[in-house]
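*Asks:* Build me a structure from this.
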Amino acid sequence: MWSEHVEPTDDLRGSVQQGELVGPFLSAPGRPVDEAIGQPAIDWEQRYRRTVIASDTAATAFVVAAIGNFFGARDAANWHEKWGILAFCTELLVLGALAVSRAWAPAVLGQGAEEFRRLGRSLFTATVVLALGGIALASRNIKLWIFVAIPAIALITMTARYLLRLWLHKQRKEGRCLRPVLAAGSLATVHDLITRTRKFPHLGWRVEAVCTTDGLGLDGDRLDGVPVVGRLADVAGHVRRDGYRVVAVTPDPHWSPDRLQRLAWNLEGSDAEMVVAPVLMEVAGPRLHVDAVLGIPLLRVSMPTFTGGRRAVKEVVDRMGAAILLMLFAPLMVFVGLLILVDSRGGAFYRQRRVGKDGREFTILKFRTMVAGAHGARAELADRNEGAGLLFKLRRDPRVTRVGTVLRRYSIDELPQLFNVLTGSMSLVGPRPPLPEESAAYGPDIRRRLLVKPGLTGLWQISGRSDLPWEEAVRLDLRYVEDWSLALDTVILWKTLRAVLQGQGAY
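*Replies:* Below you'll find the model as predicted:
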């Protein structure tokens, strides 16, 4: 049953045979060809990785060269203070730290917060080593490299990686640069995987073949339009013959520890990456740890962190960030306030009770975008509600003023909430703050949103906002509560700018 001998069969995936020429590219034996670009589907990974390495190297070289040329005109008293040596050591430390931290691993490039987490960890390590070296050598110029060079390298490399990621995601939405996946498991779990990969193509997976318990799909030899190529016992043979890049093992009673181990052995030597989906589908990130106890691999799920050092750091970042943003946006906020007063009768601000952390109510502050007395007219519009679940939303709400339409389109009406962040009732990133009547209707699961402070932005805001189904909005908020990290906050804040400019789901 687990024999590695495979009889030759027709290629169900359109991969080319050995030596077959496709456009200007010669495919490897049995390797699938990405028809959208006419080349082996795995080649783009290596090119993208080389591009990232070149980008990081160029950014580091540019920063150290600029600082060395600008400040290096002065003569150093000792050899270890010479600018050329410091520049070389800084670049060597940064690139070495990136390599050691596996910040260039293909598995993390182009998706998720882990890429930026590893990049940040690498730069922090380089900073610590550089500082210790400066202390040991009594260098007087080391501060410049620690407090100017490393932050500049971080800014440029993170920006460059983000731009590369945008390009990659655009390619994936057009059907390019996708990893061919063989999914193996029960019909229900494989169906769920196919649905998710199609809904989120930027993740880079394309399920091209399926293996099931009996070798059949929902539609005979197909499952959601994907060909069912065999049984679960045949996975390794299909991978070796057809060159799938990822083997996604989804839950099924067939997958005993012994069979999973044999599958891993049979995949050795191939280009395939074996990915096993645990039962805990919505828990990810820093809470998951794999431990080996008595030779048994155990998936350890740590408790969510709602207190402690990282939360203290988040509090400091929230308050400082809100103060800085208020100073930057002060002229805009004054101008917007005047426009509101001129456009319609009423005050510039709108105050409303919302529910925050642990169910405590607070007063949220926003720019007024509706006519005076709009809340009292809500009952008359109840039958026209277009909001999902417990939300009340109208795409063309007659209560919204002319200025209010523009403010909502670009989320400018949310800027006064920076005062809520500054006073501690909100965070820069977190779940959407619900109304008291919404919170009163929450079930036990949804009430977990109240374990953390509500945010000015969050996963809900960058994923479609009011266009999302209620269940998806809740899932995103709960995912944030469960998997929160400082790196995730950074990614959300970065993506908020694009979401605001696009205005998707803002009404």
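
*Asks:* Quick check, residue 65 in contact with residue 87.
*Replies:* Yes - between residue 65 and residue 87 there is a contact under CB atoms under 8 Å: 6.8 Å. All C-beta atoms are positioned from the backbone trio N, CA, C, and that covers glycine.

*Asks:* Count the residues that sit near residue 307.
*Replies:* Per other CB atoms under 10 Å, the neighbour tally for residue 307 reads 7.

*Asks:* what's the burial count for the residue lying closest to residue 488 once chain neighbours are set aside?
*Replies:* Spatial nearest neighbour of residue 488, excluding adjacent residues (CB to CB, 6 or more residues apart in numbering): residue 113 at 5.0 Å. Around residue 113 there are 20 other residues, counting by other CB under 10 Å.

*Asks:* Please look at residue 113 and residue 485 and confirm they touch.
*Replies:* Yes - counting by CB under 8 Å, residue 113 does reach residue 485; the two are 6.8 Å apart.

*Asks:* lowest confidence element among the helices and strands of this structure?
*Replies:* When each helix and strand of the chain is scored by mean pLDDT, DSSP states H and E, strand 25-26 comes last, with a mean of 26.

*Asks:* Longest helix in the protein, by number of residues?
*Replies:* Looking across the chain with DSSP state H, the single longest helix is helix 309-343.

*Asks:* That one - what's its average pLDDT?
*Replies:* Here helix 309-343 scores 92 as its mean pLDDT.

*Asks:* any idea which helix or strand comes after that helix?
*Replies:* strand 349-355 (DSSP states H and E).

*Asks:* which residues of the stretch 51-200 of the chain fall in strands?
*Replies:* Counting by DSSP state E, counting those that start in this stretch, the stretch 51-200 of the chain has strands at residues 179-184.

*Asks:* Residue ranges in it under the pLDDT threshold?
*Replies:* 71-83, 138-140 (pLDDT under 70).

*Asks:* how about the helices in it?
*Replies:* Secondary structure of the stretch 51-200 of the chain (DSSP state H, counting those that start in this stretch): helices at 83-100, 114-136, 142-144, 150-173, 187-199.

*Asks:* residue boundaries of the helices in the stretch 401-507 of the chain?
*Replies:* Using DSSP H, counting those that start in this stretch, the helices found in the stretch 401-507 of the chain span residues 402-409, 417-423, 436-440, 459-462, 470-483, 486-502.

*Asks:* just the ones you listed: most buried one?
*Replies:* Mean neighbour count (mean count of other CB atoms under 10 Å) peaks for helix 459-462 among the helices of the stretch 401-507 of the chain, with a mean of 24.

*Asks:* From the contact counts, what lies against it?
*Replies:* helix 470-483, helix 486-502 (3 or more CB pairs under 8 Å, 6 or more residues apart in numbering; DSSP states H and E).

*Asks:* Tell me the pLDDT of the closest residue to residue 450 other than its chain neighbours.
*Replies:* Nearest non-adjacent residue to residue 450, counting by CB to CB, 6+ apart: residue 359, 5.3 Å away. With respect to pLDDT, residue 359 scores 90.

*Asks:* which parts of stretch 432-450 are buried?
*Replies:* Of all the residues in stretch 432-450, those buried under the rule 16 or more other CB atoms under 10 Å are 432, 433, 434, 435, 438, 439, 442, 446, 448, 449, 450.

*Asks:* now do the same end-to-end measure for it.
*Replies:* The first and final residues of stretch 432-450 sit 10 Å from each other (CA to CA, to the nearest Å).

*Asks:* Surely residue 121 and residue 101 touch.
*Replies:* Yes - under the criterion of CB under 8 Å, residue 121 makes contact with residue 101 at 5.5 Å.

*Asks:* what about the two, which has more around it?
*Replies:* Set side by side, residue 121 and residue 101 show more neighbours around residue 101, with 19 against 16, by other CB under 10 Å.

*Asks:* picking that back up, which pair in the buried residues of stretch 432-450 spans the largest distance?
*Replies:* 435 and 448 (17.7 Å; CB to CB).

*Asks:* who's in contact with residue 191?
*Replies:* Counting by CB atoms under 8 Å, 6 or more residues apart in numbering, residue 191 touches 218, 223, 224.

*Asks:* if you skip the residues just before and after it, what's nearest to the second one?
*Replies:* If I follow you right, that is residue 223. In this structure, residue 223 finds its nearest non-sequential neighbour in residue 217, 3.4 Å apart by CB to CB, 6+ apart.

*Asks:* That neighbour: neighbour count?
*Replies:* For residue 217, the neighbour count with other CB under 10 Å is 19.

*Asks:* which residues does it bridge with?
*Replies:* According to DSSP bridges, the residues that bridge with residue 217 are residue 220.

*Asks:* For it, give its distance to residue 208.
*Replies:* 14 Å (CB to CB, to the nearest Å).
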